[in-house]
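In: A predicted structure for the sequence below; I have some questions about it.
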Amino acid sequence: MDEDQQIFVPGRVCLFGEHTDWAGGFRRFNHDIEKGYTIVVGTNQGLHANIRKHPHSLVISSTLSSGERHGPLEIPMRKQDLLAAARKGDFFSYIAGVAYKILTDYQISGLVIDNFKTTLPECKGLSSSAAVCVLTARAFNILYDLKMTIRGEMEYAYQGEILTPSQCGRMDQGCAYGSRPIIMTYDGEFLDVEEMSLGPGCALHYVLVDLQGDKSTTIILQGLQDGYPNATSEVHKGVHALLGSINVDISKRACDLFAAGDAEGLGKLMFEAQAAFDTYAQPACPSQLTMPLLHKVMAHPPLQDLVWGIKGVGSQGDGTGQLLCRSVEAQQQVQEILARDFKMPSITLTLESGAGIKTAVIPAAGFGAENFPATLPVRAEMFPIVDASGVAKPIIFYNVEQLVKAGIERVFIIVQETDMQSFERLFKRPVDEAQLHKLPKEQQLYAHQILKIGQRVTFIKQTTQEGFGHAVHCAKEHVGSEPFLLMLGDHVYKSTREDKTSCVSQMMDLYKKHQCNILGLKSTNIADVNKFGAISGVMSRDDPEDDGAGGHHGMGKLVDVHSIVEKPTQEYARKMLGIPNLPTDEFLTIFGLYILKPEIFDLLDEKISANVRDHAGFAFTPALEKLRKEQKTIGFVMEGERFDIGDPRSYVDTLIAMRSRDECLSSSLLA
């Protein structure tokens with residue numbers, strides 16, 4: 001029997017732009033309508049589920065937020081049975097609808113979903129139904145390796161949900177992006193999603209309050225949509241303005257405020273947005289949008305000094321409100337006041353700017369067979385290179401310099417016990433005083449700088465050489481529960497960016513935005529593809545100005561990674577690893593830099609505990625491929641070059657290339 005895998009999908013909250021998803025959709029019929037824009041983020045609460053394959057059925061169990069259990073319900077994996085279940089309109093219909101859409105397009109068998117815990121309130125404008133649909137699409141994607149992107153999961157979730165009687169909008173499936181805030185654009189049938197960043201050091205502390213009122217989303221939608229696609233009254237024109245030009249302006253300013261980390265400014269904008277909604281939407285549906293409970297909370301004196309702003313959530317009405325609090329302490333006080341004075345339950349949502357990477361791991365314990373016998377007295381990582389300033393330095397030191405300059409605080413180097421002395425001599429031992437005085441003044445200063453850098457370095461002994469996966473695993477207890485940067489010790493990395501941003505810094509900057517596993521990639525000709533790990537996938541958009549065509553294929557593009565394989569043959573690469581928009585016989589290979597979540601160690605544990613080896617020991621790539629299936633993993637085509645010094649010819653090429661480029665790290669470190 002297959003082992004259970006556990007997944008989590010949050011709910012979503014619309015911070016700005018409610019109702020503009022469907023309004024923007026009406027551009028299909030009236031192009032004078034403005035595009036819709038919503039700013040959406042996943043909640044800290046959501047659905048937890050165990051999933052596994054089933055030979056012939058969809059088996060569903062669920063636990064509501066109250067603790068009430070439903071199921072198991074078993075539905076045969078036949079399209080007619082799934083469609084009938086979807087149209088019933090109960091809780092399980094959402095799962096059946098998504099399963100129907102996926103079965104239509106893929107050759108799959110069944111699925112067991114046990115939603116064993118739910119921390120997300122149902123029917124409170126936080127898209128619990130959309131979370132169920134995304135969870136189902138993601139479960140099929142993971143277990144059957146369907147190679148969907150997050151956008152693909154969103155699309156199947158949406159198509160599955162609209163098979164049910166639900167009145168969901170395109171915005172709801174934004175929960176697929178998790179806790180990262182996104183801005184969604186709606187232009188007729190076209191949907192675009194862009195991840196947003198928060199200002200450095202920013203922390204936004206929200207309270208989402210259940211207003212305990214009666215509201216009907218159906219009636220609200222009927223009232224607001226009555227004037228679409230063409231406005232025939234002043235009330236209709238007001239709704240068009242609210243969901244059009246007013247929302248465009250508010251959304252743009254909100255994006256700027258998020259990027260600046262301006263909590264006070266966002267709070268003022270929340271009040272402004274709510275006032276506009278009251279002015280223009282309320283007349284279209286006064287029975288639902290007068291919202292006395294929301295306005296009572298907004299006017300409550302004890303809250304005024306604790307919050308920056310308050311507004312409604314979702315379809316609005318007296319369903320849920322959002323309060324942006326002035327601090328984490330204020331967040332707790334706001335919850336207490338809402339419970340005490342209004343008997344209103346609430347949950348918290350905290351958004352923080354992406355934490356940076358502080359730890360790096362460099363395996364440097366290999367035998368170096370291709371460079372034998374030079375690797376008998378000294379490891380390949382200790383081979384010298386000469387940088388553009390004319391300074392000769394060991395490759396390992398050149399790489400550690402890049403890490404330190406990029407902000408890495410802890411560097412763990414995996415070494416053989418017999419090599420410990422040479423590594424310590426480089427990083428930990430001062431130059432003999434008599435020898436130090438023979439050096440020019442600049443080099444004397446540099447000798448002290450080497451020791452300063454060495455303070456960030458810790459050596460980890462690999463007692464037996466059992467493959468690259470085993471070497472990485474040696475760092476498990478030292479890295480702990482933090483994400484980390486993994487750098488190959490026998491590679492040299494050089495930036496080709498005009499601003500000289502190092503390859504390491506490029507990766508770390510990207511992590512701050514995306515907070516997920518990242519594989520550095522390089523476009524490689526078919527002649528060399530068998531020398532490196534390689535991936536399949538599709539180019540995705542990172543820059544909103546990018547047309548998505550992947551035109552300059554080597555210039556810092558993001559890639560949705562579909563599979564990772566180790567040193568493929570040319571035949572396999574041509575058949576399985578083609579990347580749209582890359583030139584013929586060009587493929588994306590591993591650059592030698594990774595940013596990985598600590599769960600990679602658990603996956604390596606599985607292989608090592610089960611003694612699953614290949615000819616070289618415990619491999620790394622199978623664990624990396626499994627991590628890709630279980631967690632968001634993106635590729636990044638580096639703006640740089642990597643030089644593998646694993647054989648004499650490559651080492652000579654590296655020396656030539658290093659002297660021909662204009663880059664000098666040492667001068668900046670000595671400054």
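Out: On my side now, so go ahead. Numbering: from 1, shown residues only.
In: now Ile413: how far from Phe190?
Out: According to CB to CB, to the nearest Å, Ile413 stands 49 Å off from Phe190. Every C-beta, even on glycine, is put in place using the N, C-alpha and C of the backbone.
In: and those two? which has more neighbours close in?
Out: Neighbour tally, Ile413 and Phe190, criterion other CB atoms under 10 Å: the higher count belongs to Ile413, 24 against 12.
In: helix, strand or coil: sort out the more buried one for me.
Out: strand (DSSP: H, G, I helix; E, B strand; the rest coil).
In: surely it meets Phe423?
Out: Yes. Counting by CB atoms under 8 Å, Ile413 sits close enough to Phe423 to count as a contact (6.5 Å).
In: can you work out which residues contact both of these two?
Out: Residues touching both Ile413 and Phe423 (CB atoms under 8 Å, 6 or more residues apart in numbering): Ala364, Ile396, Phe459.
In: now Ala447, nearest residue through space, not along the chain?
Out: Here the nearest residue to Ala447 in space, its sequence neighbours aside, is Val431; by CB to CB, 6 or more residues apart in numbering that works out to 4.9 Å.
In: neighbours of the one you found, how many?
Out: Other residues within reach of Val431, judged by other CB under 10 Å, total 17.
In: ditto for Ser353
Out: Ser353: 19 neighbours (other CB under 10 Å).
In: got the contact list for it?
Out: Ser197, Leu198, Gly199, Pro200, Gly201, Cys202, Ala203, Gly261, Lys512.
In: make it 6 Å
Out: Neighbouring residues of Ser353 by CB atoms under 6 Å, 6 or more residues apart in numbering: Leu198, Pro200, Cys202.
In: tell me the pLDDT at the first one?
Out: What it means is Leu198. Looking at Leu198, its pLDDT is 82.
In: check the gap between the closest residue to it other than its chain neighbours and Ala259 for me.
Out: Closest residue to Leu198 apart from its sequence neighbours, by CB to CB, 6+ apart: Ser353 at 4.0 Å. Ser353 sits at a distance of 10 Å from Ala259 (criterion: CB to CB).
In: just the buried members of the contacts of Ser353?
Out: Buried subset of those (neighbour count, 16 or more other CB atoms under 10 Å): Leu198, Cys202.
In: and the contacts of Ser353 as CSV, adding secondary structure and distance to Lys53?
Out: Formatted as CSV, those follow (DSSP: H, G, I helix; E, B strand; the rest coil; distance: CB to CB, whole Å):
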residue, secondary structure, distance to Lys53
Leu198, coil, 38
Pro200, coil, 44
Cys202, coil, 42
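In: distance to Gly533 added to the contacts of Ser353, as a markdown table?
Out: Formatted as a markdown table, the contacts of Ser353 follow (distance: CB to CB, whole Å):
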| residue | distance to Gly533 |
| --- | --- |
| Leu198 | 33 |
| Pro200 | 33 |
| Cys202 | 36 |
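In: from the contacts of Ser353, pick the one nearest Val391.
Out: The closest of the contacts of Ser353 to Val391 turns out to be Pro200 (CB to CB; 32.8 Å).
In: what lies in contact with the top helix by length along the chain?
Out: Ordering each helix of the chain by length in residues (DSSP state H) puts helix 263-280 first. The contact list for helix 263-280, computed with CB under 6 Å, 6+ apart, reads Leu204, Gly238, Val239, Leu242, Ile246, Ile250, Ala254, Leu257, Trp308, Gly309, Lys311, Leu324.
In: could you measure from the fifth one over to Phe26?
Out: Per CB to CB, Ile246 is found 16 Å from Phe26.
In: tally of neighbours for Leu243?
Out: Neighbour tally, Leu243, other CB under 10 Å: 29.
In: for Gln570, that is, sorry about that
Out: Gln570 has 14 nearby residues by other CB under 10 Å.
In: please apply the same query to Tyr186.
Out: Residues lying near Tyr186 (other CB under 10 Å) number 25.
In: got the contact list for it?
Out: Asp21, Gly24, Gly25, Gly36.
In: mark which of these are part of helices, please.
Out: Counting by DSSP H, these place Asp21, Gly24, Gly25 in helices.
In: for those, which one is nearest Val134?
Out: The closest of the ones in helices among the contacts of Tyr186, once distances to Val134 are taken by CB to CB, is Asp21, at 15.8 Å.
In: OK, contacts around the closest one?
Out: When contacts are counted by CB under 6 Å, 6+ apart, Asp21 touches Gly36, Thr38, Gly169, Arg170, Met171, Tyr186.
In: the last one: which element?
Out: With secondary structure defined by DSSP states H and E, Tyr186 is part of strand 182-187.
In: tell me the first helix or strand C-terminal of that strand.
Out: Trace forward from strand 182-187 with DSSP H and E and the next one is strand 190-195.
In: and whichever helix or strand comes after that next one, which residues are buried?
Out: Toward the C-terminal end, the helix or strand that comes next after strand 190-195 (DSSP H and E) is strand 203-210. By 16+ other CB under 10 Å, the buried positions in strand 203-210 come out as Leu204, His205, Tyr206, Val207, Leu208, Val209, Asp210.
In: ditto for stretch 170-190
Out: Buried residues in stretch 170-190 (16+ other CB under 10 Å): 170-188.
In: now the terminal residues of it, how far apart.
Out: This stretch, stretch 170-190, spans 10 Å end to end (CA to CA, to the nearest Å).
In: quick one on the thing from earlier: and the buried residues of strand 203-210, which is closest to Pro72?
Out: Of the buried residues of strand 203-210, the one sitting nearest to Pro72 (CB to CB) turns out to be Asp210, at 29.5 Å.
In: okay, the closest residue to that closest one other than its chain neighbours and Glu329: tell me how far apart.
Out: Using CB to CB, 6+ apart and skipping residues adjacent in sequence, the residue nearest Asp210 is Pro345, 5.0 Å away. Distance, Pro345 to Glu329, using CB to CB: 20 Å.
In: between the two, which is the more surrounded one?
Out: Set side by side, Pro345 and Glu329 show more neighbours around Pro345, with 14 against 11, by other CB under 10 Å.
In: do a quick rundown of the strands in the stretch 451-600 of the chain.
Out: 457-461, 484-487, 491-495, 517-525, 534-540, 558-565, 586-596 (DSSP state E, counting those that start in this stretch).
In: neighbouring contacts of the second one?
Out: Here strand 484-487 makes contact (CB under 6 Å, 6+ apart) with Ile357, Thr359, Ala360, Val361, Ile362, Leu593, Tyr594, Ile595, Leu596.
In: how about low-confidence regions in the stretch 1-150 of the chain?
Out: Scanning the stretch 1-150 of the chain for pLDDT under 70 picks out 1-3, 122-127.
In: what ranges do the helices span in it?
Out: For the stretch 1-150 of the chain, applying DSSP state H, counting those that start in this stretch gives helices covering 20-25, 79-86, 93-105, 128-143, 150-161.
In: winner for burial among the ones you listed?
Out: helix 128-143 (a mean of 26; mean count of other CB atoms under 10 Å).
In: angle of it against helix 93-105?
Out: Per axes from the mean of the first three to the mean of the last three CA atoms, to 10 degrees, the angle that helix 128-143 makes with helix 93-105 is 40 degrees.
In: got a list of what the closest residue to Pro568 other than its chain neighbours touches?
Out: Distance criterion CB to CB, 6+ apart; nearest residue to Pro568, sequence neighbours excluded, is Ala534 at 5.3 Å. Residues in contact with Ala534 (CB under 6 Å, 6+ apart) are Val565, Pro568, Leu577, Phe587, Thr589.
In: neighbour-wise, give me the winner out of these.
Out: Neighbour max across those (other CB under 10 Å) = Thr589, 26 neighbours.
In: circling back: starting at the chain centroid, how far to the longest helix of the chain?
Out: 29 Å (CA atoms, centre = their mean, to the nearest Å).
In: ok, stretch 409-427 next?
Out: Chain-centre distance of stretch 409-427: 33 Å, with CA atoms, centre = their mean.
In: before we move on, back to that, redo the contacts of Asp21 as TSV? Include distance to Gly227.
Out: Supplementary listing: the contacts of Asp21 in TSV, determined by distance: CB to CB, whole Å:
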residue	distance to Gly227
Gly36	15
Thr38	20
Gly169	17
Arg170	20
Met171	20
Tyr186	17
